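Asks: sequence first, then the predicted structure, then my questions.
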Amino acid sequence: MKAIIIHDGGDIRLEEVPDPEIEQSHDAIVRLTASSICDKDLNILNEKYSAMIPENFLEHEGVGIVEQLGAGVNNLNIGDRVIVPSIMACGSCSHCRADDYAHCDQTNPNERVTDASFFNRQKEHGPWAEKVRVPLANINLLKLPDPTTDNQAMDNADTLPTRYSGDDKATTKAGHTVAVFGCGPVGLLAIARARLLHTERIFAIDTSPERLQKAKELGAEIINCNREDPIKAIKRLTAAPAPIQAVATM
Ligand SMILES: [Zn+2]
Ligand SMILES: [Zn+2]
């Protein structure tokens with residue numbers, strides 16, 4: 001099969017490689033029908049990111065079809081359409097039992113070095129390939145309901161869960177005023193979710209006029225921090241020392 005592989009120095013190439021195989025009883029082999037580009041990939045390519053293992057396949061977000069299953073995976077079938085999530089977890093350690101999969105004790109032994117157990121920061125290859133081996137597939141693959149397109153499903157691999165966990169930590173609720181710093185895909189989803197939660201006001205802060213326009217279309221009050229100090233602007237616009245839920249995105 002073909003895969004996009006990173007070599008030392010940020011050198012990436014499309015190469016012919018062996019197909020992945022079932023190695024453990026809870027593995028699955030997924031044929032990718034879509035994968036996305038994350039800002040982490042761009043950081044890797046710009047060599048701002050040192051946690052990537054050389055000679056590995058890039059990316060960590062995918063949608064595909066189950067082609068093979070290990071004998072221990074009994075909650076999926078061959079042919080199921082699935083999301084390949086960005087983070088791998090064991091499903092049984094104390095962090096996983098608390099739904100804190102990003103800090104899984106089993107798959108993320110370097111928690112203090114890396115912030116989560118992403119594909120391709122351990123030994124597993126990422127889904128910029130025709131196929132990917134997914135360890136612990138009974139926990140890590142999410143079966144898609146019909147009808148769901150690949151594009152609709154893709155945001156659930158990393159972007160939306162990132163936003164969702166941020167909102168949980170910010171304890172955003174109805175009636176809150178929310179400030180979203182950064183209006184890329186994660187920030188725009190934060191604005192969309194803040195509206196669903198019936199927040200009182202949403203401030204969107206960014207430097208990009210195009211991103212701020214998208215934020216405005218989603219119902220946010222926009223602040224271009226190239227033109228004004230966002231903290232002073234929010235204080236002036238709210239005119240009260242009410243607590244504000246701040247959500248920082250990349
Ligand atoms: Zn990502
Ligand atoms: Zn775990």
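Replies: Looks like it came in fine. Ligands and ions are numbered 1, 2, ... in the order given.
Asks: contacts only, for the residue nearest to the spatial centre of the chain.
Replies: Geometric centre of the chain, nearest residue: residue 158, 1.7 Å, by CA atoms, centre = their mean. Listed by CB atoms under 8 Å, 6 or more residues apart in numbering, the contact set of residue 158 reads 36, 38, 60-61, 85-87. All C-beta spots, glycine's among them, are computed from the backbone N, C-alpha and C.
Asks: cool, and residue 220?
Replies: By CB under 8 Å, 6+ apart, the neighbours of residue 220 are 180, 183, 191, 202-204.
Asks: near ligand 1, which of the residues you listed show up?
Replies: For ligand 1, no contacts are drawn from these by CB under 5 Å from the ion.
Asks: which one of the residues you listed sits closest to ligand 1?
Replies: residue 183 (17.0 Å; CB to the ion).
Asks: narrow the contacts of residue 220 to those in helices?
Replies: residue 191 (DSSP state H).
Asks: so which of the contacts of residue 220 is the closest to residue 233?
Replies: Checking the contacts of residue 220 against residue 233 by CB to CB gives residue 203 as the nearest, at 7.9 Å.
Asks: check contacts around the closest residue in space to residue 225 that isn't next to it in sequence.
Replies: Closest residue to residue 225 apart from its sequence neighbours, by CB to CB, 6 or more residues apart in numbering: residue 205 at 5.4 Å. Contacts of residue 205 were listed using CB under 8 Å, 6+ apart, and they are 179-183, 222-223, 225, 230.
Asks: surely residue 216 touches residue 206?
Replies: No. Look at residue 216 against residue 206 with CB atoms under 8 Å: they stay out of range, at 10.8 Å.
Asks: so between those two, which is more surrounded?
Replies: Neighbour tally, residue 216 and residue 206, criterion other CB atoms under 10 Å: the higher count belongs to residue 206, 25 against 14.
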